[in-house]
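Q: Sequence first, predicted coordinates after that:
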Amino acid sequence: MGSTLISNGTVVNADSAIRADVLVRDGRIVALGIGSDWTADHVIDATGKLVIPGGIDAHTHLEYPIDGFTTRTADDFHTGTVAAAHGGTTTILDFVKKEPGRSLYDTYLRRRDAAARRSVVDFGLHAIVPPRDQQPDVLDDLRRLADEGAASWKFFMAYPGTQMVDDGELLAGFELARELGVLPMVHAENGHMVARETQRLIDSGRTAEHFHATAHGHDAEAEAVHRAIVLAESVGAPLYVVHVSSAAAAEEISRARADGRRVWAETCPQYLQVAYEDYAGLGERAAAYLCSPPIRERSNQEGLWKALVTGALATVATDHAGFCMHQPDDLPPQKLRSPGYFPKVPNGVPGIEDRLMVLWEGGVASGRIDPCRFVDLVSTRPAKLFGLFPRKGIVAVGADADLVVWDPRADHVITTAGTHMRTDYNLYDGMRVTGKPVHVLSRGDHLVDASGSFDGAAGRGAFAERGTPHLF
Ligand SMILES: [Zn+2]
């Protein structure tokens, strides 16, 4: 494995930015210092560049079954993590959804195995808690899973009849999570409100793709966020809200945090950078933009940015769930399986490779946040919340050498052809960005170099051990 010296860069952590050399040996950071005379097998000159902890994407869906297991996302653990690495992300946290005829626990072990065989960066898994009628003894499985490294569980407040759990199940699950030191997560949309609105749109013939956003209203999201916060508080549990898309929902979180509630929330680049107006007129091609909760009106974006600046939103993850617009032979039905009928369009958008560049551009380059806050949003805070800190999420002696040399003055245009995701389109195609990763190291291995060449074998990624969440 040998040693690597990253010299003359500015080391940016969530709480500081200092000029320092970084010495890496055997996969760990072994020294940080100014004007060192260290030698190493391999030297990376980071003059004029930033050295930041590798990105942690706490929300991905690779080779992920959806819609009653009738289709799956396009990227597998190999293509998805190659793309992640190119974008400066060195750890992903994906999800386990119980397979029909298999327990959640058994599904989890199988999926952990699959990820270990194909992933090129480190990974962890959140367990999705199925409704009790799908597995009556699921709480027993969750206890065992907490011992197997599933330190976070996700509950769906949406999708009645398939994944939605009721308030009683939320309370029981949150209470067990509190007892075991697990962080409960919610997909917060009121499933009944979305289902009713969807039916109303179908009944009136409004099934074109863009009506998806009408079906998933701001109120349905804000109501579920509010309810989840109240339920978690009632049993003394902390709470993490995934993919907040509505400024009204962010406002609920802001209020709760001001009241001292232990709630953290995530948003995604697509909600900050892309808008309903970008796809409302595209007809069937609007399928490319459909995800849940939906990409909302441009007027909604500023409220999300404000929540990122104030801290009401704590992390930026991708919810990467990429599907192709053209149908490849080796994949089940993709985005255009039901043109003109939004209820059957596979939900999800790609972004695992774009996350850091898009957030840098809209956040740092535009002057809204500084580089330290950027690092906190994309790496340090997710590391803390999901029990990876201080092994990951920080450039410090003893931490894993998951490092990104970041060029803050790049002149780069994001294109579909220039990225590595399996999907055949990119939401940010044509976007000009001024920050990008030029070197990416994962546990000391130099995966991506300045020329963009890649060196990382499928299966080198490891299951990331997770400790107790840092909830402060
Ligand atoms: Zn998701």
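A: Now that the structure is in, tell me what you want to look at.
Q: could you measure Met164 against Pro136, distance?
A: 17 Å (Cβ to Cβ, to the nearest Å). Yep, even glycine has a C-beta here, placed from its N, CA and C like the rest.
Q: Please say which of these two ends up with more neighbours.
A: Met164 (20 against 8; other Cβ atoms under 10 Å).
Q: How about the more buried one, nearest residue that isn't a chain neighbour?
A: Gly191 (4.3 Å; Cβ to Cβ, 6 or more residues apart in numbering).
Q: Count the neighbours of the one you found for me.
A: Neighbourhood size, Gly191 [other Cβ under 10 Å]: 21.
Q: pLDDT at it, what is it?
A: Gly191 carries a pLDDT value of 98.
Q: do the one 3 residues further on as well
A: Note for Val194: predicted pLDDT of 98.
Q: That one: which element?
A: Taking DSSP states H and E as the criterion, Val194 maps to helix 191-203.
Q: Quick check: buried residues in that helix?
A: Gly191, Met193, Val194, Ala195, Glu197, Thr198, Leu201 (16 or more other Cβ atoms under 10 Å).
Q: same for that helix, what does it pack against?
A: Judged by 3 or more Cβ pairs under 8 Å, 6 or more residues apart in numbering; DSSP states H and E, the packing partners of helix 191-203 are helix 211-215, helix 218-234.
Q: Now do the buried residues in the shortest one.
A: Of the residues in helix 211-215, those buried under the neighbour-count criterion (16+ other Cβ under 10 Å) are Phe211, His212, Ala213, Ala215.
Q: Can you give me the distance of the third one to His320?
A: As for Ala213, its distance to His320 is 20 Å (criterion: Cβ to Cβ).
Q: same deal with the first one?
A: Shown here: Phe211 relative to His320, a distance of 24 Å by Cβ to Cβ.
Q: The stretch 101-250 of the chain: helices as residue ranges?
A: For the stretch 101-250 of the chain, applying DSSP state H, counting those that start in this stretch gives helices covering 104-118, 138-147, 167-180, 191-203, 211-215, 218-234, 247-258.
Q: and Leu377, that one's in a strand?
A: No. Using DSSP: H, G, I helix; E, B strand; the rest coil, the assignment for Leu377 is helix, not a strand.
Q: and for whichever strand or helix holds Gln270, what are the contacting residues?
A: Assessed by DSSP H and E, Gln270 sits inside helix 269-273. Here helix 269-273 makes contact (Cβ atoms under 8 Å, 6 or more residues apart in numbering) with 243-245, 289, 291, 295-296, 300-301, 304-305, 308, 316, 318-319, 349, 351, 354-355, 358-359, 361-362, 427-428, 431.
Q: Restricted to helices, list these.
A: Among the contacts of helix 269-273, the members found in helices (DSSP state H) are Gln301, Leu304, Trp305, Leu308, Arg355, Val358, Leu359.
Q: what pLDDT does Glu148 get?
A: On the pLDDT scale, Glu148 is placed at 86.
Q: Please report the distance of the closest residue to it other than its chain neighbours from Glu175.
A: Closest residue to Glu148 apart from its sequence neighbours, by Cβ to Cβ, 6+ apart: Tyr108 at 6.8 Å. As defined by Cβ to Cβ, Tyr108 lies at a distance of 21 Å from Glu175.
Q: For the stretch 1-150 of the chain, give me the ranges with low pLDDT.
A: By pLDDT under 70, the low-scoring segments of the stretch 1-150 of the chain are 1.
Q: the strands in it, which residues?
A: 3-12, 17-25, 28-33, 42-45, 50-53, 55-57, 65-66, 71-72, 89-96, 122-128 (DSSP state E, counting those that start in this stretch).
Q: Compare the ones you listed and give me the one nearest Ala401.
A: strand 17-25 (4.1 Å; Cβ to Cβ).
Q: Just checking: what are the partner strands of the closest one?
A: In the sheet, strand 17-25 lines up against strand 3-12 (antiparallel), strand 28-33 (antiparallel) (DSSP bridges).
Q: Pick the most deeply packed of the ones you listed.
A: Most buried of those, by mean neighbour count (mean count of other Cβ atoms under 10 Å): strand 3-12, with a mean of 21.
Q: Tell me which residues are up against that strand.
A: Against strand 3-12 from outside (Cβ under 8 Å, 6+ apart): 17-26, 32, 36, 38-47, 49-52, 371-372, 374-375, 395, 401, 403, 405-406, 439, 441, 444, 446.
Q: Drop anything exposed from these.
A: Buried members of the contacts of strand 3-12, counted by 16+ other Cβ under 10 Å: 17, 20-25, 32, 40, 44, 46, 49-52, 371-372, 374-375, 395, 401, 403, 405-406, 439, 441, 444, 446.
Q: before we move on, back to that, can you redo the helices of the stretch 101-250 of the chain as a markdown table with distance to Gly87?
A: Output for the helices of the stretch 101-250 of the chain, formatted as a markdown table (distance: least, Cβ to Cβ, whole Å):
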| stretch | distance to Gly87 |
| --- | --- |
| helix 104-118 | 18 |
| helix 138-147 | 29 |
| helix 167-180 | 31 |
| helix 191-203 | 31 |
| helix 211-215 | 27 |
| helix 218-234 | 27 |
| helix 247-258 | 25 |
